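Enquirer: any chance you could fold what I've pasted below:
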Amino acid sequence: MLEPGLIGAYSSGAVAPDGTLWVAGYLEANWEDDFPFGDLVVGRYDGSRVLWKAVDGVPDEPAVDIESYDPKGFRGGQTEPGLDVGLWSSIAIDADGNPAVAYYDATNRALRYAHLQGDTWSVSVVEQRDYADLGRYAKLLFLQGRPTISYLFIEPGEGGTLDSGVRVASGSTASAADVSWSFEAVATDDATPCRTAYCRPGTRCVADSGLCADTADGCADCGSGEECVDVGGQPVCEQIVAASAPETYPDALGLYVSATLHPSGGVALAFYDRIHGNVVVARPDGGGWTTVIADGELGGDDTGDKGIGTSLAVDGAGNYHLAYVDGVDEALNYMLVVDGATPSSPEVVDDGYGVFGQSFADGKHLVGDDSNILVTQGGDVRITYQDASAGTLRLAVGTTSGDGHTWATSELTQEGFAGAFSQQLDYAGALRVMSWWREASPYSIGDVRLMPSP
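Expert: Alright, predicted model coming up:
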């Protein structure tokens with residue numbers, strides 16, 4: 001029987017009206033048998049584990065080896081990889097109680113959408129273009145019954161520049177088989193540094209200018225790593241950015257997109273501007289968008305690298321609550337942005353030096369990855385996140401104290417290197433925390449685990 005192996009990373013969960021918890025994630029590989037997969041997987045949680053099914057990424061060919069693998073079993077017994085899809089999966093429930101998923105196609109650098117009707121999943125491409133990267137950090141919501149996906153885009157601009165930012169795709173219907181999409185930009189940086197993969201044919205990414213420049217003739221012999229390009233109408237030898245594997249954290253505006261429904265209608269957003277090191281919030285405004293730098297810049301002055309791992313919650317009054325990492329101090333921060341417009345002072349939630357009031361013997365830990373923020377009806381702020389140094393899941397609870405909060409941190413102990421892609425869910429009448437774990441010995445395995453929340 002074919003075993004999944006390393007399954008469920010980039011996990012996302014949603015509870016349907018009938019109480020079913022649906023989980024989407026990424027199937028990396030079965031490294032024990034050396035089978036790289038790269039699939040979108042979705043499953044129901046049965047009370048103890050997720051019953052995973054491969055939804056996209058399984059190829060039709062070659063024929064399944066039925067002597068070795070069950071064609072009715074996991075992945076239909078297919079051991080070969082297809083498209084590499086399923087990264088940054090985001091699941092939501094439509095008006096009829098059916099799950100749908102937005103996710104990234106790494107093979108084509110495209111955004112895809114899957115939807116379940118009855119027992120059948122349908123899949124469609126939301127946006128895909130040559131020399132562009134579309135769909136990282138996808139977040140799916142249903143707005144008035146229509147799928148709405150917020151995501152990072154990187155694409156060629158004018159004059160050799162690249163554009164990057166956050167785009168929202170709105171679907172005409174929930175069904176992936178019948179949907180058409182419209183698009184709007186929330187925020188755009190039109191001076192994004194170039195990358196070789198995004199330069200059109202006949203151009204090269206110039207390291208010094210950050211522009212895609214036309215190739216030229218007439219240069220003397222260029223040095224190592226240099227090519228002859230047109231600079232201001234003249235052939236010049238310039239250092240060229242070499243082609244490389246896709247960046248995990250591209251130098252762009254719009255990383256770590258976090259989205260939630262705004263109480264007055266529309267979608268509220270927060271994201272990280274890696275180019276400038278800022279955490280940015282966006283709110284719907286009369287058919288458009290208003291963006292505000294929440295942290296990382298004040299009065300035009302740089303105040304540090306703020307916004308890695310951004311997570312957003314919006315309360316009933318329309319106030320934005322942010323959790324994010326201070327990239328300089330490597331600490332988890334919290335900020336309240338009143339009405340999504342006026343930032344308050346940032347608060348240090350966890351400085352990485354200890355937990356339960358006790359200091360770590362091995363010094364400072366890197367904390368704050370994969371945060372998920374929730375505001376209770378009583379006004380407490382709850383943030384789950386990973387201690388990436390120890391591989392543990394943490395919970396911080398902030399109670400109102402004066403103009404800020406008093407923060408108490410704890411560890412949700414579990415087996416394996418855990419705490420990734422954390423999410424707080426109201427499931428089976430109680431608040432639970434879902435996260436992803438992995439173990440490396442003797443082979444890499446991993447899956448999703450649901451735990452009670454203190």
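
Enquirer: what segments of the stretch 51-200 of the chain are strands?
Expert: 85-93, 99-105, 110-117, 120-127, 133-143, 146-156, 162-171, 181-192 (DSSP state E, counting those that start in this stretch).

Enquirer: tell me which of those strands sits most buried.
Expert: Across those, averaging neighbours per residue (mean count of other C-beta atoms under 10 Å) puts strand 99-105 on top, at a mean of 28. All C-beta spots, glycine's among them, are computed from the backbone N, C-alpha and C.

Enquirer: by contact count, what packs against that strand?
Expert: strand 6-15, strand 21-30, strand 35-45, strand 85-93, strand 110-117, strand 133-143, strand 146-156 (3 or more C-beta pairs under 8 Å, 6 or more residues apart in numbering; DSSP states H and E).

Enquirer: could you check the angle it makes with strand 146-156?
Expert: Using axes from the mean of the first three to the mean of the last three C-alpha atoms, to 10 degrees, the direction of strand 99-105 lies 10 degrees away from that of strand 146-156.

Enquirer: okay, the strands of the stretch 51-200 of the chain in JSON lines with distance to residue 274 next?
Expert: As requested, the strands of the stretch 51-200 of the chain are exported to JSON lines (distance: least, C-beta to C-beta, whole Å):
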{"stretch": "strand 85-93", "distance to residue 274": "16"}
{"stretch": "strand 99-105", "distance to residue 274": "17"}
{"stretch": "strand 110-117", "distance to residue 274": "19"}
{"stretch": "strand 120-127", "distance to residue 274": "21"}
{"stretch": "strand 133-143", "distance to residue 274": "12"}
{"stretch": "strand 146-156", "distance to residue 274": "10"}
{"stretch": "strand 162-171", "distance to residue 274": "9"}
{"stretch": "strand 181-192", "distance to residue 274": "10"}
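
Enquirer: follow-up on the earlier one: got JSON lines for the helices and strands packed on strand 99-105, with mean pLDDT and distance to residue 250 too?
Expert: Below are these laid out as JSON lines (pLDDT from 0 to 100; distance: least, C-beta to C-beta, whole Å):
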{"stretch": "strand 6-15", "mean pLDDT": "98", "distance to residue 250": "17"}
{"stretch": "strand 21-30", "mean pLDDT": "98", "distance to residue 250": "19"}
{"stretch": "strand 35-45", "mean pLDDT": "98", "distance to residue 250": "20"}
{"stretch": "strand 85-93", "mean pLDDT": "98", "distance to residue 250": "13"}
{"stretch": "strand 110-117", "mean pLDDT": "98", "distance to residue 250": "15"}
{"stretch": "strand 133-143", "mean pLDDT": "98", "distance to residue 250": "7"}
{"stretch": "strand 146-156", "mean pLDDT": "98", "distance to residue 250": "6"}
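
Enquirer: need these in a markdown table with distance to residue 359, can you?
Expert: As requested, those are arranged in a markdown table below (distance: least, C-beta to C-beta, whole Å):
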| stretch | distance to residue 359 |
| --- | --- |
| strand 6-15 | 31 |
| strand 21-30 | 35 |
| strand 35-45 | 37 |
| strand 85-93 | 35 |
| strand 110-117 | 44 |
| strand 133-143 | 34 |
| strand 146-156 | 37 |
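
Enquirer: nearest approach to residue 419 belongs to which of those strands?
Expert: Nearest to residue 419 among the helices and strands packed on strand 99-105 is strand 6-15; the distance by C-beta to C-beta comes to 11.8 Å.

Enquirer: export that closest one as CSV, just CAs?
Expert: The C-alpha trace of strand 6-15 is given here as CSV (Å, rounded to 0.1, in the frame of the first residue of the first chain):
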residue,chain,number,x,y,z
LEU,A,6,5.4,13.8,4.6
ILE,A,7,1.8,15.2,4.3
GLY,A,8,-0.2,18.2,5.4
ALA,A,9,2.3,21.1,5.4
TYR,A,10,0.9,24.6,4.6
SER,A,11,-2.3,23.3,6.4
SER,A,12,-5.5,25.2,6.5
GLY,A,13,-8.7,24.2,8.3
ALA,A,14,-12.4,25.3,8.1
VAL,A,15,-15.4,24.0,10.0
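
Enquirer: what's the spacing between the nearest residue to residue 250 once chain neighbours are set aside and residue 194?
Expert: Spatially, and ignoring its direct neighbours in sequence, residue 250 is nearest to residue 154 (6.3 Å; C-beta to C-beta, 6 or more residues apart in numbering). To residue 194, residue 154 is 10 Å away according to C-beta to C-beta, to the nearest Å.

Enquirer: also residue 370?
Expert: Counting by C-beta to C-beta, the gap from residue 370 to residue 194 is 29 Å.

Enquirer: neighbour count winner among these two?
Expert: Legend: neighbour count by other C-beta atoms under 10 Å for residue 370 and residue 194, higher for residue 194 (25 against 21).

Enquirer: nearest spatial neighbour of the more buried one, skipping sequence neighbours?
Expert: Nearest non-adjacent residue to residue 194, counting by C-beta to C-beta, 6+ apart: residue 205, 4.1 Å away.

Enquirer: that older thread, let me know whether the residue nearest to residue 250 touches residue 161 as I believe.
Expert: No: applying C-beta atoms under 8 Å, one finds residue 154 not in contact with residue 161, separated by 11.3 Å.

Enquirer: intersection of neighbour lists for those two?
Expert: Here residue 154 and residue 161 have residue 192 as joint contacts, going by C-beta atoms under 8 Å, 6 or more residues apart in numbering.

Enquirer: where's the residue nearest to residue 326 when sequence neighbours are not counted relative to residue 313, distance?
Expert: Setting aside the residues directly before and after it, residue 326 is nearest to residue 333 in space (C-beta to C-beta, 6+ apart), at 5.2 Å. As judged by C-beta to C-beta, residue 333 and residue 313 stand 14 Å apart.

Enquirer: mean confidence for the one helix or strand the residue nearest to residue 326 maps to?
Expert: Following DSSP states H and E, the helix or strand that holds residue 333 is strand 331-338. Average pLDDT, strand 331-338: 98.

Enquirer: so who does the nearest residue to residue 446 once chain neighbours are set aside touch?
Expert: Of all residues not flanking residue 446 in the chain, residue 438 sits nearest, at 3.4 Å (C-beta to C-beta, 6+ apart). Residues in contact with residue 438 (C-beta under 8 Å, 6+ apart) are 6, 9, 416-418, 420, 444-446.
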